[in-house]
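Colleague: Please find the sequence and the predicted model below.
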Amino acid sequence: MSLVNFTTREITCKIVYYGPGRSGKTTNLQYIYGQVPEDRKGRMVSLATQTDRTLFFDFLPIDLGSISGFTTKIQLYTVPGQVYYNATRKLVLQGSDGVVFVADSQVRQLDENIESLQNLQANVLEHGIDVRTLPMVLQYNKQDLPPELILSVAELDEALNFRELRSFPADALHGAGVFETLKAVSADVLRKLSEGSQGGRRG
Amino acid sequence: MTTTVVETWTEVPLVKFIAQSSARLVVVMTPAGQVLAQHGFTKAVDLMSAAALGAAIMASSGALAQQVGEPGFAALYHAGQRHGIHLAGCETPRGRLIVLTVFGRETSIGLVQVFFDEFVSALKQAAPADQPRQPILAADFEHELNSSLASLFRR
Amino acid sequence: MSDVFQHSLDRISRVRGVQGSMFVAAEDGLAVAQLLMAGVSGKVLAAFAASLARKASGAAAATGAGKVRFVQMQAAGGVLLVALGGELLVAVVADAGVNVGLARLEMIRAVDAAAAL
């Protein structure tokens, strides 16, 4: 949950990138890390296997600077996408203020996308949160692949976006859509915080 | 060595704990890894990463504990060659907190544990009741957010 | 191994005035085995005994006095005694009137017995 301190005027929020294995969650963070200036980011932590599959999480803290007079920091996390690691996915999801669901646009990955989305809902529910109140955006990654291999944005919206959330086409490897996705989910998280919904701590 | 606090009520107990235990680094955080207070971190060591990792260790240990039928582990101790790490949770009126303590050979895990117990008591006494909610962000915060992100991404 | 510790602590505890005795891991300041009267905190005794031993060893080394075998700390309300071995030390908290010589004898015997294991 968001940490708000009125004395020091600081806000810290946690955003989790979720999705099936190899959909591009870590790639999103790596691109963001590569773009952000040194003084506005912390060290990127990646707990990965020897084959660079996320084992536990990736973590990247970003300083957004002053927003409405509050120093605003966001902590970006990814979860391991492989089905095997559900227990650790649940742990990383704890306390999150917003979620980016990174879907793999490839046709052959549709089932994995659906399964991962269902898994997200189940894990959020276990934390006692109504998934409908959790700020979330969808990213349809790998839209740069040949058209015959991928589903279009409209097709993906139909298959995955039953909550009519904001969705963004992306090519995370080259950065397309990464900024837009982060902007959208950050705005949703801060808007929810501003509206005083459940989950904000005060200091 | 600097001590900085996000929530002021943690300062007095923290300063005392550092003096007594001779800890080199201390982070007080929420179970989600958000920092409430810290001591000893400089640019060389990434505070938020340490907090995230500490919170992750506690979360995964807690999950493992549940698997073996334990309610949870009170504390974790990692012994290194030059440093030791003590990681423990505590309940306060402001909710559950996690404290990560890194110490050197000038002290010992025994001493850290003894003074940690006193630190927890002091935190419990110092913690205020929850404040009533106040409006936080201005209606047009999105403009500032967009400017900030644009500058981060050099757009 | 625990029988050796227990036997040693039993002998130390028979010295009149001893309120608590314990084997402590010197490096960590953690209790290994203990025999304490009510009101004596083993955790605190272990931690501070190890700390005292370390400081005494440091002082002895710095002044060229050699290896420390025994530390006696006399306070208004009692005494804290620490016998140093290798990885383990023996700590005793006792009344002010305790026979220190007898306690010291048993403590050093205990440390040597533990070192022989």
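Modeller: It's in. Numbers count the residues shown, from 1 in each chain, chains lettered A, B, ... in the order given.

Colleague: Looking at chain A, which residue is nearest chain B?
Modeller: Nearest residue of chain A to chain B, counting by Cβ to the nearest Cβ: A:Gly95, 2.9 Å away. To be clear about C-beta, it is placed using only N, CA and C from the backbone, and glycine gets the same treatment.

Colleague: you'd agree that residue is up against B:Thr30?
Modeller: Yes. In this structure A:Gly95 lies within contact range of B:Thr30 using Cβ atoms under 8 Å: 7.0 Å.

Colleague: what do these two both touch?
Modeller: A:Met1 (Cβ atoms under 8 Å, 6 or more residues apart in numbering or on different chains).

Colleague: Restrict the single longest strand found in chain A to CA atoms and write it as PDB.
Modeller: Criterion DSSP state E: the longest strand present in chain A is strand A:54-67. What follows is strand A:54-67, C-alpha atoms only, in PDB (Å, rounded to 0.1, in the frame of the first residue of the first chain):
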ATOM      1  CA  THR A  54      13.200 -14.100 -13.100                       C
ATOM      2  CA  LEU A  55      13.500 -16.300 -10.000                       C
ATOM      3  CA  PHE A  56      12.000 -14.000  -7.400                       C
ATOM      4  CA  PHE A  57      11.600 -10.500  -8.700                       C
ATOM      5  CA  ASP A  58      13.300  -7.500 -10.400                       C
ATOM      6  CA  PHE A  59      13.200  -4.300  -8.500                       C
ATOM      7  CA  LEU A  60      13.800  -0.700  -9.600                       C
ATOM      8  CA  PRO A  61      13.100   2.400  -7.600                       C
ATOM      9  CA  ILE A  62      12.400   5.600  -9.500                       C
ATOM     10  CA  ASP A  63      12.300   9.200  -8.200                       C
ATOM     11  CA  LEU A  64       9.500  11.000  -9.900                       C
ATOM     12  CA  GLY A  65      10.400  14.300  -8.300                       C
ATOM     13  CA  SER A  66       7.900  16.700  -6.800                       C
ATOM     14  CA  ILE A  67       4.200  16.200  -7.600                       C
END
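
Colleague: Say whether chain B is contacted by that strand.
Modeller: Yes. Using Cβ under 8 Å from any Cβ of the partner chain, we find that strand A:54-67 touches chain B at A:56-57, A:59, A:61-62, A:64-67.

Colleague: Could you pull up phi and psi at B:Ile57?
Modeller: phi -60, psi -50 (degrees, to the nearest 10).

Colleague: for it, what are its contacts?
Modeller: With Cβ under 8 Å, 6+ apart, B:Ile57 has these contacts: B:76, B:87.

Colleague: go on, the one 10 residues further on?
Modeller: By Cβ under 8 Å, 6+ apart, the contact list for B:Gln67 is empty.

Colleague: Do you know the pLDDT at it?
Modeller: pLDDT recorded at B:Gln67 is 85.

Colleague: pretty sure B:Val12 contacts B:Ala126?
Modeller: Yes. Shown here, B:Val12 and B:Ala126 form a contact pair, counting by Cβ under 8 Å, at 6.5 Å.

Colleague: And for the residue lying closest to A:Ala170 once chain neighbours are set aside, the neighbour number?
Modeller: Nearest residue to A:Ala170, sequence neighbours excluded (Cβ to Cβ, 6 or more residues apart in numbering or on different chains): A:Gly177, at 2.8 Å. By the measure other Cβ atoms under 10 Å in any protein chain shown, the count of residues near A:Gly177 is 22.

Colleague: and if you look at the one 5 residues further on?
Modeller: Using other Cβ under 10 Å, the number of residues around A:Leu182 comes to 26.

Colleague: quick one: secondary structure of it?
Modeller: helix (DSSP: H, G, I helix; E, B strand; the rest coil).

Colleague: mind checking how far it is from chain C?
Modeller: 46 Å (Cβ to the nearest Cβ, to the nearest Å).

Colleague: That residue: what's it in contact with?
Modeller: With the criterion set at Cβ under 8 Å, 6+ apart, A:Leu182 makes contact with A:15, A:28, A:32, A:76, A:100, B:149.

Colleague: out of those residues, who's nearest C:Val93?
Modeller: A:Leu76 (52.5 Å; Cβ to Cβ).

Colleague: residue contacts, that closest one?
Modeller: A:15-17, A:29, A:32, A:58-62, A:182.

Colleague: Show me what counts as buried in the helix or strand containing it.
Modeller: Using DSSP states H and E, A:Leu76 sits in strand A:70-78. By neighbour count, with 16 or more other Cβ atoms under 10 Å in any protein chain shown as the criterion, the buried positions of strand A:70-78 are A:70, A:72-78.

Colleague: How about stretch C:94-107?
Modeller: Under 16+ other Cβ under 10 Å, the buried positions of stretch C:94-107 are C:94, C:98, C:100, C:103-104, C:106-107.

Colleague: Kindly report the same for stretch A:20-39.
Modeller: For stretch A:20-39, by 16+ other Cβ under 10 Å, it's A:20-33, A:35-36.

Colleague: Intersect those with the contacts of chain B.
Modeller: Among these, chain B is touched by A:35-36 when using Cβ under 8 Å from any Cβ.

Colleague: coming back round to it: could you check the angle the strand holding A:Leu76 makes with strand A:54-67?
Modeller: Angle, strand A:70-78 to strand A:54-67, by axes from the mean of the first three to the mean of the last three Cα atoms, to 10 degrees: 160 degrees.

Colleague: List just the nearest of the contacts of A:Leu182 to chain C.
Modeller: For the contacts of A:Leu182, the nearest to chain C is A:Leu76 (37.7 Å; Cβ to the nearest Cβ).

Colleague: Give the closest residue to that closest one in space, chain neighbours not counted.
Modeller: A:Leu76 sits nearest to A:Leu60 (Cβ to Cβ, 6+ apart), 4.6 Å away.

Colleague: pretty sure that neighbour contacts A:Lys41?
Modeller: Yes. Using Cβ under 8 Å, A:Leu60 is in contact with A:Lys41, at 6.6 Å.

Colleague: Which neighbours do these two have in common?
Modeller: A:Tyr33.

Colleague: The two: who's more crowded?
Modeller: Taking neighbours as other Cβ under 10 Å, A:Leu60 and A:Lys41 compare with A:Leu60 leading, 26 against 20.

Colleague: Give the residue spans of chain A that score low on pLDDT.
Modeller: A:197-203 (pLDDT under 70).

Colleague: err, chain B, not the other one
Modeller: Applying pLDDT under 70 to chain B flags residues B:1, B:43-45, B:130-139.

Colleague: Which helix or which strand is home to A:Asn123?
Modeller: A:Asn123 is located in helix A:110-126, with elements delineated by DSSP H and E.

Colleague: can you give me the helices in the chain?
Modeller: Going with chain A. For chain A, the helices defined by DSSP state H cover A:25-35, A:86-93, A:110-126, A:153-160, A:178-194.

Colleague: The chain in question should be chain C.
Modeller: Going by DSSP H, chain C shows helices at C:2-13, C:42-62, C:100-115.
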